[in-house]
Every structure is written in structure tokens, then in C-alpha cells.
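Engineer: Okay, sequence plus prediction incoming.
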Amino acid sequence: METRRLGKTEMIVSVIGFGASEIGYQNVAPRTVEKLLNAALDAGLNVIDTAACYDVSEELIGKTVGHRRLEYYLFTKCGHAKGLNAAEWTPGIVELSLARSLKRMRADYVDLLQFHSCDADTLRNEELVAALVRMREKGLTRAIGYSGDGGDALAAIELGVFDTLQISVNIADQEALDRVLPAAAARGMGVIAKRPIANAAWLKTRWSVPEYEKPYWRRLRKLDYPFLRKKAAGDAVSAALRFTLAASGVHTAIIGTTRPSRWAENAKLLDAGPLRAAEFEMIRARWREVAEPGWIGMR
């Protein structure tokens, strides 16, 4: 699997990584998660991204692949106080949350600790940001980052302290390509694309699409990309993923699943090679033609 250097960090990451929100929120059986994560690692993936608030996600990671810790980069997020007797978005919650995350994941350190979608006003709390920097200085995390979109992401970039940015980038969510990613690149930040295949929302019907995916579903109906009309769903998913990975400044794309067989399928999605410049520009041109002002980055 192709790898890329994550900005100015020393991490050489696989171009696709595993997003662990689904295994946590859906409380997937440990036996299934064991097959899922080991299959991902065996396929060459070396990034696992989770968060302290993804229910049992961190525990499942520690229980199933904790023994393979040196084979992957471990990313998590903090800031929310779910399950902790502390106030959200305080210096204390950063330390408490990370300590709990390390225990859950059976790790001595994480490779990346990220603020989890706080707003620009919260980022202006110097003591809060200093607590995250302190975790890096103590060696409890190798790098620090911000996960969020739009103006909040720009505020995080402007602080000049974060090593990475995790942001929505896909065929239905292109605000970041013009507004945010150039600023991140100028700072030498590593960029992690979330929702890189737009949740494959185009494959769902009006009645089956989950509520949080409906904005993408509606956008894609209007965008009506020709490649989404193909009968082979895998071809469309491949094009969508390769679009995200072709975006300038993107280093890795986080994909979630609960099916162990999905990783062999995901690896094949990249077999077609880089998306051709003409195809990339067609998707960008269509977005510029029909995107509405309210089509901002999705959290």
C-alpha cells in the first residue's frame, strides 16, 4: 500500500487508515473487531484513528491489537468529558482523557493526540492548548493535532502549534480544498481526510440513509456525477476515494467499517492508480458549478 509522510512529522502513513467510531458506537463483538483490525494491518494499513468519546472503541483496539502496537500509528482525540468526572475543554480534561485512553488501549503513548472538533473560541484558551503541548513534551504523544472543519480549522492552523489537521474532504464536501488545505500546507501540517468516500451516501435510498448522512445524500443528488451512475458500486467508491487522495495536501484517508472482508476490498479500490487529472478536475468543476453557499464542511 502506498505511504506518505504525514506533514513535518516523522510518521510515514498508509494512504488509507482505519476509523474506529463505528466499532465503538455499534459495540461490535471483540471477536469481529479482532478479525477486522488484524485484516487491516495484514493488508498494509498502519493508521488506527479513534476518540475518547467513541464508546468502547479504545477498549476494543487495546484488547484486539494491543499486542501489535509497534505495527501501527495510534491516533486518538480528547476534549469531551464523556465518562469522566471533569469539565469539558479544560486543561484537566486533556490529561485525564489521555491517561484513560492509554489504559484502555494498553499503550504507553499515542502517536497523535487531537482536539475533537472544538470551536475557535475554545482554541483561544491558551492554558487548554498548552496542556496538549505538555502531553507532547512529556512523550505521552508524538504529535498533536486538531480535528474539525471550516473557520474552526482555520483558527487551529493559525495558532501554529498543531502538527496535523483532520478534516472532511470528499466528492460531496470540497470546501476545505480551497479554503483550508492551502493554509495547512503552508504550515507543513499533516492532513488526515475524514469521510473520504462521503459515506457512500449515493448508494442509499431516501428512506435508508441515516440522518447524519442526509446532507451528503442531498448534495450528491444535485451534483449527479456521471461516475456515480455506474452499475458497479465498487468503481464509484474507488473513484470517490481516489479523488480524496488526489487532493493536494492530503496524506491519509480514514475509513470506517465493521466488516472484516472490507479491507481486502479497500485495498483493491486503489488498484486503478491515481485519479487522472482530467477526472479530478471534472469533479471539481461540477462542484463549482452547483455547490450552494450552505455546503460547508461536515463535522
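Structural biologist: Looks like it arrived, so ask away. Worth saying up front: this structure is predicted, and the values here are computed from it rather than measured.
Engineer: C-alpha from now on. contacts and neighbour counts both.
Structural biologist: Will do.
Engineer: Quick check: which ranges of the stretch 1-150 of the chain have low pLDDT?
Structural biologist: For the stretch 1-150 of the chain, no stretch has pLDDT under 70.
Engineer: can you give me the helices in it?
Structural biologist: 21-25, 30-42, 57-65, 91-105, 120-123, 126-137, 150-159 (DSSP state H, counting those that start in this stretch).
Engineer: quick one: which of these is nearest I12?
Structural biologist: I12 lies closest, by Cα to Cα, to one member of these: helix 30-42, at 14.6 Å.
Engineer: Give me the angle between the closest one and helix 57-65.
Structural biologist: Angle of helix 30-42 versus helix 57-65, following axes from the mean of the first three to the mean of the last three Cα atoms, to 10 degrees, is 70 degrees.
Engineer: where's the residue nearest the centre of the chain relative to L245, distance?
Structural biologist: Centroid check for the chain by Cα atoms, centre = their mean gives K194 as the closest residue, at 3.3 Å. To L245, K194 is 11 Å away according to Cα to Cα, to the nearest Å.
Engineer: closest to E71 out of the helices of the stretch 1-150 of the chain?
Structural biologist: Here helix 30-42 is closest among the helices of the stretch 1-150 of the chain (Cα to Cα), at 7.5 Å.
Engineer: Contacts for that closest one, please.
Structural biologist: Helix 30-42 has contacts (Cα atoms under 8 Å, 6 or more residues apart in numbering) with 18, 23, 60-61, 63-65, 71-72, 258-261, 263-264.
Engineer: go on, stretch 252-260?
Structural biologist: For stretch 252-260, the external contacting residues (Cα under 8 Å, 6+ apart) are 4, 6, 13-23, 28, 32-33, 35-37, 39-40, 49, 191-197, 244-245.
Engineer: repeat that for 7 Å
Structural biologist: 13-20, 22-23, 35-36, 39, 191-196 (Cα atoms under 7 Å, 6 or more residues apart in numbering).
Engineer: What segments of this protein are strands?
Structural biologist: Here the chain has its strands, by DSSP state E, at 3-5, 12-14, 16-19, 47-49, 73-78, 110-116, 141-147, 164-168, 190-194, 252-255.
Engineer: Cool, thanks, talk later.
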